[in-house]
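J.: Okay, sequence plus prediction incoming.
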Amino acid sequence: MNTVSFGTRIRRKRTELGLGLRETAKRAGLSATFLSRVETGAEKAVPGEDAIRRLAEVLQENFDELMAAAGRVSSEVTDYVKASPGMPEFLRQAREQNVSVEKLMELLEKAKDDN
């Protein structure tokens, strides 16, 4: 499990890409002050889904992984879970049986190939 904070992950990726704080904030449509506070952990409010999506694009990061690092789940996923009555039980059973995400993805690929 990754224990790097959301802000630390953002700062590391930004510096890896050679992007300045102000440039990154501008590209993501955020204030430099807010982004700085996120990176240092001084900001207690986690950025919203749209801001995380824009940061993922600017930083060439996986949106879902950034959302998880921020302790969030996308509205697309929560809407799907809410609309599918059997999904909470499915996820509960997957967790109880320690079925990894990799194994679930493998099963989905196999099901796709079978169709």
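T.: Received the coordinates, thanks.
J.: for the protein, what's the longest helix?
T.: Secondary structure of the chain per DSSP state H: the longest helix is helix 101-114.
J.: Show me the contact partners of it.
T.: Here helix 101-114 makes contact (C-beta atoms under 8 Å, 6 or more residues apart in numbering) with Ala94. The way it works is simple: take the backbone N, C-alpha and C, and place the C-beta from them, glycine included.
J.: Measure how far that helix is from the centre of its chain, please.
T.: Its chain's C-alpha centre and that of helix 101-114 lie 22 Å apart, by C-alpha atoms, centre = their mean, to the nearest Å.
J.: Report the rounded mean pLDDT for it.
T.: Averaging pLDDT along helix 101-114 gives 88.
J.: CA atoms of it as PDB?
T.: Coordinates of each C-alpha in helix 101-114 appear next as PDB, following Å, rounded to 0.1, in the frame of the first residue of the first chain:
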ATOM      1  CA  VAL A 101      -7.900  -5.900  -8.300                       C
ATOM      2  CA  GLU A 102      -5.500  -7.600 -10.700                       C
ATOM      3  CA  LYS A 103      -7.500 -10.800 -10.500                       C
ATOM      4  CA  LEU A 104     -10.800  -9.000 -11.000                       C
ATOM      5  CA  MET A 105      -9.400  -7.200 -14.000                       C
ATOM      6  CA  GLU A 106      -8.100 -10.600 -15.400                       C
ATOM      7  CA  LEU A 107     -11.600 -12.100 -15.000                       C
ATOM      8  CA  LEU A 108     -13.200  -9.100 -16.800                       C
ATOM      9  CA  GLU A 109     -10.700  -9.500 -19.700                       C
ATOM     10  CA  LYS A 110     -11.500 -13.200 -19.900                       C
ATOM     11  CA  ALA A 111     -15.200 -12.500 -19.900                       C
ATOM     12  CA  LYS A 112     -14.700  -9.900 -22.700                       C
ATOM     13  CA  ASP A 113     -12.700 -12.400 -24.700                       C
ATOM     14  CA  ASP A 114     -15.400 -15.100 -24.200                       C
END
